[in-house]
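>>> sequence? don't have it. structure:
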């Protein structure tokens, strides 16, 4: 038994879960690990194993889970917690991820995405919890840097001066077209982090899994995360219908929201290209490289918005397209780069 397994046994020892059957669940891009526990009665729970030394402490997850459930949303209930060891035992919301449900019933795609948009509309009506970091214009601009320091650099092209020029150009756009960050943003709001819970009512039909990195930001950010998914193709008609549904139900101005949506779509997708490259070149996870073409196309689509012509022109000249040769080059550098 490893030291970590012994800690988990001690965590569960004085609970009804001490003798539960344990099986592994799929993890995510972080160092967090998940296990499903099952009692003889058939009752299940999920163990989150997130050691503090990995930078994935559980205190923020538990805090956000309680906030969301108190607002009538379906985050997992927290059964047991030991933040000093990075352990949580959580309500098991099941396996019906949007990404699994939709392929089985394609007619459910728009209704599920509209339901997820309704969760955001409901969430945005509540005052966010205190103490959250603000994703302001300066932060959003700096978050784009990995596409240069990892992706462009990984293509063996000079990136520092290009990044400085792009930063100077994009920063005023972010300042001018985005309101001050005042909305709770869950950040990783997409089909592999959302569960369909049809037996629940209203917005509680959508189960929420990943929100420990929540920040204060713009209302468009999570909608972009939902509809411009790095891991699956969302039909353009579904994207447009869901976006229009969200704008209408939220009472937003369509024109200004459209600008913010395109701007944050470009910002988020550019960042993800850099993050996926880093996950390969630094952390040794080459499969993320295969997702880059989709994300690149999403970024370029957002940059076609007329208001973004200047930053788009810079990228067209300096950011290489993810050709098969380039993707292979990035994979050959898997787990070889300690720092950008």
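Now that the structure is in, tell me what you want to look at. It should be emphasised that the depicted structure is a prediction, and the values quoted were computed from it without experimental measurement. Numbering: from 1, shown residues only.
>>> residue contacts, the residue most central in space within the chain?
For the chain, residue 188 is the residue whose C-alpha lies nearest the centre (CA atoms, centre = their mean; 1.7 Å). By CB atoms under 8 Å, 6 or more residues apart in numbering, residue 188 lies in contact with 210-211, 213, 225. Where C-beta positions appear, they are placed from N, C-alpha and C, glycine not excepted.
>>> Now the buried members of those residues.
Listed as buried from these are 210-211, 225; burial here means 16 or more other CB atoms under 10 Å.
>>> what would these look like in a markdown table with distance to residue 299 and pLDDT?
Formatted as a markdown table, these follow (distance: CB to CB, whole Å; pLDDT from 0 to 100):
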| residue | distance to residue 299 | pLDDT |
| --- | --- | --- |
| 210 | 22 | 91 |
| 211 | 24 | 94 |
| 225 | 14 | 98 |
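>>> Which single one of these is nearest to residue 131?
residue 211 (14.8 Å; CB to CB).
>>> Distance-wise, check the residue lying closest to the closest one once chain neighbours are set aside relative to residue 175.
Counting by CB to CB, 6 or more residues apart in numbering, residue 186 is the residue found nearest to residue 211 once chain neighbours are left out, at 4.4 Å. According to CB to CB, to the nearest Å, residue 186 stands 24 Å off from residue 175.
>>> for residue 144, same thing?
Taking CB to CB, one finds residue 144 at 14 Å from residue 175.
>>> same deal with residue 152?
Distance from residue 152 to residue 175, counting by CB to CB: 24 Å.
>>> One more: residue 33?
Distance, residue 33 to residue 175, by CB to CB: 39 Å.
>>> between the two, which one's more packed in?
Taking other CB atoms under 10 Å, residue 33 and residue 175 do not tie; residue 33 has more neighbours (18 against 13).
>>> Please name the residues that touch the spatially closest residue to that one that is not a sequence neighbour.
Closest residue to residue 33 apart from its sequence neighbours, by CB to CB, 6+ apart: residue 49 at 4.4 Å. Contact partners of residue 49, counting by CB under 8 Å, 6+ apart, are 4, 8, 32-35, 86-87.
>>> State the helix or strand in which residue 179 lies.
Using DSSP states H and E, residue 179 maps to neither a helix nor a strand.
>>> Can you get me a residue count around it?
Using other CB under 10 Å, residue 179 has 12 neighbouring residues.
>>> Same question for the one 10 residues further on.
Summarising burial for residue 189: neighbours were counted as other CB under 10 Å, giving 26.
>>> ditto for residue 38
15.
>>> In the stretch 51-200 of the chain, what residue spans correspond to strands?
Along the stretch 51-200 of the chain, counting by DSSP state E, counting those that start in this stretch, strands occupy 78-82, 87-91, 183-185, 194-196.
>>> Please name every helix or strand in contact with the longest helix that the chain contains.
Using DSSP state H, we find that the single longest helix of the chain is helix 254-281. If contacts are counted by 3 or more CB pairs under 8 Å, 6 or more residues apart in numbering; DSSP states H and E, helix 254-281 sits against helix 137-142, helix 146, helix 160-177, helix 220-227, helix 236-250, helix 292-302, helix 324-332.
>>> From the chain's centroid, how far away is that helix?
11 Å (CA atoms, centre = their mean, to the nearest Å).
>>> distance of residue 240 from residue 25?
34 Å.
>>> and if you look at residue 178?
36 Å.
>>> what ranges do the helices span in the stretch 1-150 of the chain?
For the stretch 1-150 of the chain, helices defined by DSSP state H, counting those that start in this stretch occupy the ranges 3-12, 59-70, 98-104, 109-123, 137-142, 146.
>>> helices or strands up against the longest one?
Which is helix 109-123. helix 98-104, strand 194-196, strand 206-208, helix 220-227, helix 236-250.
>>> ok, now the second one?
Packed against helix 59-70 by the contact rule (3+ CB pairs under 8 Å, 6+ apart) you find strand 78-82, strand 87-91.
>>> Pick the most deeply packed of those strands.
strand 87-91 (a mean of 22; mean count of other CB atoms under 10 Å).
>>> can you give me the angle it makes with helix 59-70?
Using axes from the mean of the first three to the mean of the last three CA atoms, to 10 degrees, the inter-axis angle of strand 87-91 relative to helix 59-70 is 20 degrees.
>>> which residues are in contact with stretch 77-91?
7-8, 11-12, 15, 17, 37, 45-52, 54, 56-59, 61-62, 65-66, 69, 76.
>>> What separation is there between the nearest residue to residue 112 once chain neighbours are set aside and residue 24?
Nearest residue to residue 112, sequence neighbours excluded (CB to CB, 6+ apart): residue 98, at 5.5 Å. With the distance defined as CB to CB, residue 98 ends up 22 Å from residue 24.
>>> could you redo the helices and strands packed on helix 254-281 as TSV and give each row distance to residue 206?
Formatted as TSV, the helices and strands packed on helix 254-281 follow (distance: least, CB to CB, whole Å):
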stretch	distance to residue 206
helix 137-142	26
helix 146	30
helix 160-177	29
helix 220-227	10
helix 236-250	13
helix 292-302	23
helix 324-332	34
